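Participant: The following comprises the amino acid sequence and a computationally predicted model.
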Amino acid sequence: MTRFGRLALATAATTYLLVVIGAIVRSTGSGMGCPDWPTCHGAWIPPLGDNAAWIEWIHRGVAVIVGLLVLALAWLAWRTWRENRSQRSILFASLGAVALTGFQAWLGRITVATNNAGEWVTAHLAAALLLLGLLVFIYIRARYSGALSGRGTSQRLTLLLAFSAACVFAVLMFGSQVTASGSALVFPDWPMFDGLLLPDFSDDPALASLQLIHFLHRFVAAAVGLVVLAAAWACWRATRAGVPGAERLLGLAGTAAALYAVQVIVGALQITTGLAAWAVALHLALGAAIWALLAGAVFVAYFEARSVPATETGEPSDETAPPARRTGAEAPTVRERVVAYVALTKPRIIELLLVTTVPAMVLAARGIPPPWLVLWTLVGGSLAAGAANAINCYLDRDIDELMNRTRRRPLPAHVIEPEDALVFGLVLGVIAFAVMATLVNLVAAFLTLVAMAFYVVVYTMLLKRSTPQNIVLGGAAGALPPVIGWSAVTGDIGLPALLLFAIVFYWTPPHFWALSLRLRRDYAAARVPMLPVTHGVPETTRQIAVYSVLMVALTLAFFAIGRMGLVFLAGALILGGLFLFQAFAMWREGTDVRAVRLYRYSITYLSGLFGLIVIDVFVHLAI
């Protein structure tokens with residue numbers, strides 16, 4: 001191990017120690033042991049016998065050590081970069097660590113100034129975990145060659161591990177919210193909720209809010225546990241298949257899964273011991289360790305895949321065709337690259353997703369939601385959709401090259417390197433989650449993460465090439481924006497939001513199958529088992545008619561449950577009647593012309609239906 005590697009490891013280990021000490025500070029109630037900053041009770045040394053002050057003082061002391069180590073790491077990275085310009089990523093990451101450490105110190109100051117306000121404590125923890133993850137990246141990056149070939153194997157395992165790490169980060173934020181809100185003991189038993197399998201929420205809004213926070217933490221923790229287990233299983237399968245570096249990945253992901261099982265037990269002990277300090281501190285310490293292990297697994301998987309020649313495995317190469325437009329006079333200009341990155345996000349799809357988000361927010365607020373909330377929800381949603389679409393382009397680049405409709409996309413056209421597209425998508429996803437978590441709320445942020453993962457992992461990686469029902473099951477990703485919009489306003493998931501989800505879910509097959517009927521020869525050439533390819537035109541048009549009937553029926557159910565007015569009812573009947581006319585006409589005729597008409601009208605239908613929600617709400621307000 002090089003000197004830089006040893007320093008990076010020491011810095012990451014000390015940062016983890018800092019997180020653990022921070023957990024002790026929180027569990028012992030020592031956060032205000034030193035009520036001023038940077039001094040403690042007006043002095044540089046806390047008074048003897050004041051345990052709370054000394055615990056907080058040690059916490060600050062270790063934070064100073066971390067700051068010095070990070071500065072030393074950045075200085076050494078700069079010196080290394082001067083000698084070897086291929087180490088640019090390490091230099092940028094080290095400088096980022098310096099900035100994040102300074103931001104973390106500022107958050108610590110604000111936390112003290114606000115008397116440990118819950119939102120600032122959560123932000124302080126989030127920044128510490130991000131710093132830990134960044135330092136893990138620096139350590140792992142230093143173990144690989146500075147110049148990577150860019151011709152590695154598939155990054156599918158990297159994506160699954162990245163989703164697992166993101167889920168663990170999300171559940172840590174939910175846990176911090178539980179502590180900050182004081183809802184940790186709102187249900188005194190475990191795994192039940194006051195003796196019930198599902199909680200019976202109180203009629204008192206304040207108590208119900210605390211119960212919901214506690215319930216969501218347990219629910220999300222259970223779901224994330226399954227994701228972590230799936231990631232470890234995928235690493236085990238990769239080991240059995242002889243994938244290079246898989247044994248190391250299994251060690252990291254397997255350890256994380258084992259610690260997660262222990263974490264569940266410790267979480268239960270927090271409740272049974274009445275939030276004993278050791279249980280609270282251990283719970284957060286284990287969570288930070290799981291996060292660091294999975295973050296490390298993500299980076300190892302990425303660099304291992306980048307370091308292996310594509311010919312050594314059966315995985316699709318990250319560079320499947322000659323770089324026709326990357327060199328010489330034909331190299332893409334800056335403007336072309338910017339346009340290409342925007343194209344990766346598929347802006348037209350994003351527009352359609354946002355059409356269903358804002359009306360759900362208006363319905364949840366029964367009026368105009370706060371403008372800033374709408375803005376950040378749209379920004380976060382757009383970034384999330386763009387991230388999922390960019391990663392989808394990376395994963396589907398081989399079949400995109402075979403289809404006339406998609407072969408001009410940035411990756412088949414070789415305007416952007418596949419690895420750059422993948423990193424672009426992952427970075428957008430991280431920013432999207434950060435925006436939703438910090439500027440909207442954690443429920444909306446988690447649902448956004450689920451939508452991204454469902455589209456990338458469930459639809460693109462698991463279903464698209466394996467079953468003709470791919471768009472039916474995978475359509476859940478595109479149906480989540482109304483639920484995200486509702487939760488952005490209310491902080492929970494209501495029945496009207498679930499009905500909006502169901503409407504979009506049943507709208508997706510007629511919409512997409514109408515398009516796939518027109519493009520069935522393309523899908524057949526790419527060997528994608530879309531329904532028109534596997535079952536033919538008559539069966540596809542029949543199923544389109546069935547789903548259309550169910551969709552229109554759901555709009556009538558939404559009228560009653562969502563407490564909509566006659567404006568919505570009349571409009572929904574007219575729009576639905578036209579949709580059914582188009583769908584049944586296509587069932588009778590089965591022509592490409594009818595397919596195109598239905599596809600185009602389906603967009604008008606969805607936009608019109610959600611527009612009616614907004615109009616109906618405002619009509620009620622005016623009455």
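Facilitator: Everything's here; your move.

Participant: Tell me where the stretch 251-400 of the chain has strands.
Facilitator: Counting by DSSP state E, counting those that start in this stretch, the stretch 251-400 of the chain forms no strands at all.

Participant: can you pull out the helices in it?
Facilitator: 277-307, 334-344, 347-365, 371-395, 397-400 (DSSP state H, counting those that start in this stretch).

Participant: Just read off the phi/psi values of the residue of the chain most remote from its centre.
Facilitator: Within the chain, the residue lying farthest from the chain centre (Cα atoms, centre = their mean) is Leu48, at 46.5 Å. Phi and psi for Leu48, reported as degrees, to the nearest 10, are phi -60, psi 140.

Participant: what's the angle from the single longest helix found in the chain to helix 277-307?
Facilitator: Taking DSSP state H as the criterion, the chain has its longest helix at helix 205-240. Relative orientation of helix 205-240 and helix 277-307, computed by axes from the mean of the first three to the mean of the last three Cα atoms, to 10 degrees: 40 degrees.

Participant: How far away from the center of its chain is helix 205-240?
Facilitator: 13 Å (Cα atoms, centre = their mean, to the nearest Å).

Participant: Please name the residues that touch the nearest residue to Val25 once chain neighbours are set aside.
Facilitator: In space, and not counting its chain neighbours, Val25 is closest to His59: 5.0 Å by Cβ to Cβ, 6 or more residues apart in numbering. C-beta coordinates here come from the backbone N, C-alpha and C atoms, glycine included. Going by Cβ atoms under 8 Å, 6 or more residues apart in numbering, His59 touches 18, 21-22, 24-25, 30.

Participant: pLDDT score assigned to Thr311?
Facilitator: On pLDDT, Thr311 comes in at 47.

Participant: nope, Thr320 is what I was after
Facilitator: At Thr320, pLDDT is 40.

Participant: picking up where we left off before, list the buried ones in whichever strand or helix holds the residue nearest to Val25?
Facilitator: Assigned by DSSP states H and E, His59 belongs to helix 51-83. Residues 52-60, 62-63, 66, 69-70, 73-74, 76-77, 80-81 are the ones in helix 51-83 that count as buried (16 or more other Cβ atoms under 10 Å).

Participant: ditto for stretch 197-214
Facilitator: 199, 201, 209-214.

Participant: end to end, how far does it reach?
Facilitator: 14 Å (Cα to Cα, to the nearest Å).

Participant: which residues are contacting it?
Facilitator: Contacts of stretch 197-214 (Cβ under 8 Å, 6+ apart): 174, 177-178, 181-184, 186-187, 193-194, 215, 491-492.

Participant: In PyMOL, how would I select just the buried ones from those?
Facilitator: Applying 16+ other Cβ under 10 Å to these, the buried members can be selected in PyMOL as follows:
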select buried, resi 174+177+178+181+183+184+186+187+193+215+491+492
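
Participant: Quick one: the contacts of stretch 197-214 as TSV, columns for distance to Arg408 too.
Facilitator: Formatted as TSV, the contacts of stretch 197-214 follow (distance: Cβ to Cβ, whole Å):
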residue	distance to Arg408
Phe174	42
Gln177	45
Val178	49
Ser181	50
Gly182	55
Ser183	52
Ala184	54
Val186	55
Phe187	55
Phe193	54
Asp194	59
Phe215	48
Gly491	43
Asp492	43
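
Participant: Widest-spaced pair of the contacts of stretch 197-214?
Facilitator: Spanning the widest gap among those are Asp194 and Gly491, at 21.5 Å by Cβ to Cβ.

Participant: thinking again about what came up before, give me the distance between the residue farthest from the centre of the chain and Arg60.
Facilitator: Separation of Leu48 from Arg60 (Cβ to Cβ, to the nearest Å) stands at 17 Å.

Participant: What of Thr448?
Facilitator: 35 Å.

Participant: what does Ser548 give?
Facilitator: From Ser548 to Arg60 the distance is 63 Å (Cβ to Cβ).

Participant: Same question for Ala553.
Facilitator: For Ala553, the distance to Arg60 - Cβ to Cβ - is 61 Å.

Participant: May I have the residues that are in contact with His511?
Facilitator: Neighbours of His511 in contact, by Cβ under 8 Å, 6+ apart: 599, 602-603, 606.

Participant: Repeat the analysis, applying 7 Å as the threshold.
Facilitator: For His511, the contacting residues are 599, 602, by Cβ atoms under 7 Å, 6 or more residues apart in numbering.

Participant: Make sure it is indeed in a helix.
Facilitator: Yes. Judged by DSSP: H, G, I helix; E, B strand; the rest coil, His511 forms part of a helix.

Participant: That's all I had, so thanks and see you.
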